[in-house]
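*Asks:* Got a predicted model here, sequence first, then my questions.
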Amino acid sequence: MDLQPTVLIVDDEKHTRDGLRTLLEDNYDVYVAGDIAGAMDVLEREQIDVLLTDLRLGSEDGMALIDRALKMPRPPICIMMTAYGSVDVAVEAMKRGAYDFVTKPLNLDKVEMLIARAVQGRKLEQENRALREQVDERYGLENLWGDSAALHEVLDTIRQVAPSSANVLIEGESGTGKELAAHAIHNLSRRNKAKFVVVHCAALSPQLLESELFGHEKGAFTGAHERRIGRFEQASGGTLFLDEVSEIDPSTQVKLLRVISEERAFERVGGNQTLRADVRLIAATNKNLEQLVREGKFRDDLFFRLNVVRITMPPLRERKEDIPILIRGFLRHFSKENNKPLLDLTPDAMDALLTYNWPGNIRELRTAIEHGVVMATGKQITLRDLPIAVRLAASSAVAGLPGGVSATEAFGEKTSPLDLHETEKKLIAQALAATNGNITAAAKKLGISRRTLHRKINQMNLDKKSVEAADAKST
């Protein structure tokens, strides 16, 4: 049986305490206290969900009680009771973390509604936290860490859709965690005891993809030496995840439509036996399927079948408040994996990670932290230990480029993120110009050593004489 939510009522007037207890005790486990000492005794002994306290507790201040309660490891939801003349104080309490306030004389219906709403909010918060912990425990660190509104929206949708049988379309840029979200839906569904089967559609030719999905009979095509069971059959009773579904060719789209329609029927390649599939389908794409439908590159009827529920994974640049949370998790993971003590970041390294726009999203952040852990020689990861793309983005602001952009974005689409030679050359030239050729100052701005900068100047055939002359003059 589920435990009832707990409420602590703190008021120095006994009749108020008793009246509120009578109002609430049918639906809550109610505790009462007449002063701060009694309230803290309850808070330290019991797990309280809602604290309802008067502002004036004799000579004591209810605000002080709320401040202490909110500092506890698992703070209760705090609601202030106050007289009309002290509403400004109650508003101040909300600024400091209180959930809401009610004025005296109390409207009991409002009190009951407010507590019910607060408890429901706490329940949703706990479910989201449990989902994050469950996903993390089963699938590693990856993408569902954070506390941003954008991530909460995703988690809410996952929790809502998971128990259903509806097909789900997950969209978002590469590296945002689409496959992990699909795992979470399966894990929280009624099918979680059966298989979760993945097909990366872009990695296969049309013929191979059809065989991969539906299987084939012996002799169906050159090289088909024996019967092969397809992924739909393998996923029977479970979930089939189609990654990069936009890459499926038109002929295979027709066959896919049939198997996810009411018929749920298909044949193996080269076979004539009709098979049925009891599979929950989740598809993912980093492209705009609606645009592809308008261009005639993707069937509209298949799109509607896939798009029963849509989840949009936010890019990391739109949830930057989650970056420190992700970094801490990745630091714990990679410090342990590389047999190092738990590492920290220097302020300039953290600033660089927060400034960078992460075109590769969380996958790129994960790689950057692993790179930093491996390269660090002390107890902290410095700017110099981070990947060059991150360092260049940090130095772009120093060189007068717009803040918060990657080096690739700063110099246009022609600059490949895999080949930053030209970008690096421009940034070095700009840093040298900004420091009047002072090698030491330019190296510091770029986050590299003076020796490394000299080497790069030679490699890039920059005007060595003019740089040395300016450097000598400045020193």
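*Replies:* Thanks, I have it.
*Asks:* Not counting sequence-adjacent ones, nearest residue to residue 330?
*Replies:* residue 369 (3.9 Å; Cβ to Cβ, 6 or more residues apart in numbering). (Each C-beta comes from the backbone N, C-alpha and C, glycine too.)
*Asks:* how near is the one you found to residue 387?
*Replies:* Counting by Cβ to Cβ, to the nearest Å, the separation of residue 369 from residue 387 is 10 Å.
*Asks:* So which residues make contact with stretch 290-303?
*Replies:* 246, 250, 253-254, 256-257, 260, 289 (Cβ atoms under 8 Å, 6 or more residues apart in numbering).
*Asks:* if I pick the closest residue to residue 349 other than its chain neighbours, what's in contact with it?
*Replies:* Once flanking residues are discounted, residue 349 sits nearest to residue 383: 4.8 Å by Cβ to Cβ, 6+ apart. Residue 383 makes contacts with 346, 348-349, 352, 391, 394, 447, as judged by Cβ under 8 Å, 6+ apart.
*Asks:* got it, and residue 76?
*Replies:* Counting by Cβ under 8 Å, 6+ apart, residue 76 has contacts 8, 43, 48-51, 69.
*Asks:* and residue 225, how many residues sit next to it?
*Replies:* Look at residue 225: counted by other Cβ atoms under 10 Å, it has 8 neighbours.
*Asks:* my bad, should have said residue 194
*Replies:* Applying other Cβ under 10 Å, I find that residue 194 has 17 neighbouring residues.
*Asks:* what about the stretch 101-250 of the chain, any weak spots by pLDDT?
*Replies:* 128-144 (pLDDT under 70).
*Asks:* repeat that with 80
*Replies:* 124-147, 222-224 (pLDDT under 80).
*Asks:* For it, which segments count as helices?
*Replies:* 108-139, 149-161, 178-187, 206-214, 231-234, 250-259 (DSSP state H, counting those that start in this stretch).
*Asks:* And for the stretch 351-475 of the chain?
*Replies:* Under DSSP H, counting those that start in this stretch, the stretch 351-475 of the chain gives helices at 361-375, 388-398, 407-410, 421-434, 439-446, 450-459, 464-474.
*Asks:* Give the buried residues for the longest one.
*Replies:* What that stands for is helix 361-375. 361-366, 368-373 (16 or more other Cβ atoms under 10 Å).
*Asks:* Quick check: of those residues, which lies closest to residue 113?
*Replies:* Nearest to residue 113 out of these is residue 362 (Cβ to Cβ; 39.4 Å).
*Asks:* Just the pLDDT for the residue nearest to residue 349.
*Replies:* Looking at residue 383, its pLDDT reads 90.
*Asks:* Now stretch 321-337 - C-alpha only, CSV.
*Replies:* The C-alpha trace of stretch 321-337 is given here as CSV (Å, rounded to 0.1, in the frame of the first residue of the first chain):
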residue,chain,number,x,y,z
GLU,A,321,22.3,24.9,-17.7
ASP,A,322,22.7,21.1,-17.9
ILE,A,323,26.3,21.3,-19.0
PRO,A,324,27.8,21.4,-15.4
ILE,A,325,25.6,18.4,-14.4
LEU,A,326,26.8,16.4,-17.4
ILE,A,327,30.4,17.4,-16.8
ARG,A,328,30.3,16.2,-13.2
GLY,A,329,28.9,12.8,-14.3
PHE,A,330,31.4,12.4,-17.1
LEU,A,331,34.3,13.4,-14.8
ARG,A,332,33.3,10.7,-12.3
HIS,A,333,33.0,8.1,-15.0
PHE,A,334,36.2,8.8,-16.9
SER,A,335,38.3,9.5,-13.8
LYS,A,336,37.3,6.0,-12.5
GLU,A,337,37.8,4.4,-15.9
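*Asks:* Show me which positions of that stretch end up buried.
*Replies:* 322-323, 326-331, 333-335.
*Asks:* Kindly indicate which of those lies nearest residue 308.
*Replies:* residue 322 (27.8 Å).
*Asks:* How about the contacts made by the closest one?
*Replies:* Taking Cβ under 8 Å, 6+ apart, we find residue 322 in contact with 145-148, 151, 316.
*Asks:* what's the farthest-apart pair in those residues?
*Replies:* Within these, 147 and 316 form the most distant pair, 14.1 Å apart (Cβ to Cβ).
*Asks:* Neighbour count: those two, which is higher?
*Replies:* residue 316 (26 against 13).
*Asks:* Isn't that one up against residue 365?
*Replies:* Yes - contact criterion Cβ atoms under 8 Å: residue 316 and residue 365 qualify, at 6.4 Å.
*Asks:* Please enumerate the shared neighbours of these two.
*Replies:* Shared contacts of residue 316 and residue 365 (Cβ under 8 Å, 6+ apart): 323, 358.
*Asks:* what bits of the stretch 251-400 of the chain have low per-residue confidence?
*Replies:* For the stretch 251-400 of the chain, the ranges with pLDDT under 80 are 262-263, 393-400.
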